[in-house]
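In: need a 3D model of the following:
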Amino acid sequence: MRLYRSQVPRIAEDIINTFSLDGDIVVEAPYKEEAERDVRAIMEEYLRTESKVVQETRELMERRQITYDQFGKVKSGIADNWSHKTGDDGIRYIVSQILEMFMISNNVEEVFGDDRNMRKTLMRIYRKHLVEEADLDREVRSRLKNLRPGSEKWDIEYKRVMDDVRRKRGLTG
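Out: Reported below is the predicted structural model:
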């Protein structure tokens, strides 16, 4: 699963609303927007680091002339070097950061929820909002049937079609 920048505001709002309605946290009305900003800041910092890892991956692949089909493997190695969690581990990291933020934020007046139950709720919220990258990959590959994977033309077209699919699903911007 992957977090897209365009999803961050909706997810932050959903998190604060869900926990407030469930009575797990108390956020006074004047501080609701600030509490959402706190949650957004955690996700945006994660995305900034993710972006740096992706950029370093691309640079390394270009220097070593590695084909795009090896992107995940190369990125995983670089993410390990940065101690940056990806995939479900990345989401679990964000969830832990959000729970910690609830405890120290001046915008969250009180926390009543059980840590374990709140963690499960956060994971459920993320699974509802996040996009499965494998689904995007399958859709892109289905559109590129006439090209040979790993070829230079395939790499170029794969990126172009992936960008198009993401744009149509509202995952950019």
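
In: which ones are touching the nearest residue to residue 95 once chain neighbours are set aside?
Out: The spatial neighbour of residue 95 that comes closest, neighbours along the chain excluded (C-beta to C-beta, 6 or more residues apart in numbering), is residue 122 at 4.4 Å. Quick note: C-beta positions are derived from backbone N, CA and C, even for glycine. Residues counted as contacts of residue 122 (C-beta atoms under 8 Å, 6 or more residues apart in numbering) are 15, 95, 98-99.

In: tell me which element residue 122 is part of?
Out: For residue 122, the element it lies in under DSSP states H and E is helix 115-129.

In: next SSE downstream of that helix?
Out: Sequence-wise, the next helix or strand beyond helix 115-129 is helix 133-143, with elements assigned using DSSP H and E.

In: name the helices or strands packed onto that next one?
Out: For helix 133-143, the elements it packs on are helix 152-168, judged by 3 or more C-beta pairs under 8 Å, 6 or more residues apart in numbering; DSSP states H and E.

In: distance between the helix it packs on and the chain's centre?
Out: Computed by C-alpha atoms, centre = their mean, to the nearest Å, the chain-centroid distance of helix 152-168 equals 20 Å.

In: repeat for stretch 29-41
Out: With C-alpha atoms, centre = their mean, you get 19 Å for stretch 29-41.

In: next, the buried residues of that stretch.
Out: Neighbour-count burial for stretch 29-41, with 16 or more other C-beta atoms under 10 Å as criterion, is recorded at 31, 35-36, 38-40.

In: how about the CA coordinates for the lowest-mean-pLDDT helix or strand in the chain, as PDB?
Out: Across the helices and strands of the chain, mean pLDDT, DSSP states H and E gives its lowest value to helix 133-143, namely a mean of 80. C-alpha atoms of helix 133-143 as PDB (Å, rounded to 0.1, in the frame of the first residue of the first chain):
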ATOM      1  CA  GLU A 133       0.500  -0.400  -5.700                       C
ATOM      2  CA  ALA A 134       0.100  -4.000  -7.200                       C
ATOM      3  CA  ASP A 135      -3.400  -3.000  -8.500                       C
ATOM      4  CA  LEU A 136      -1.800   0.000 -10.300                       C
ATOM      5  CA  ASP A 137       1.000  -2.100 -11.700                       C
ATOM      6  CA  ARG A 138      -1.400  -4.700 -13.000                       C
ATOM      7  CA  GLU A 139      -3.500  -2.000 -14.700                       C
ATOM      8  CA  VAL A 140      -0.400  -0.400 -16.300                       C
ATOM      9  CA  ARG A 141       1.000  -3.800 -17.400                       C
ATOM     10  CA  SER A 142      -2.400  -4.700 -19.000                       C
ATOM     11  CA  ARG A 143      -2.100  -1.500 -21.100                       C
END
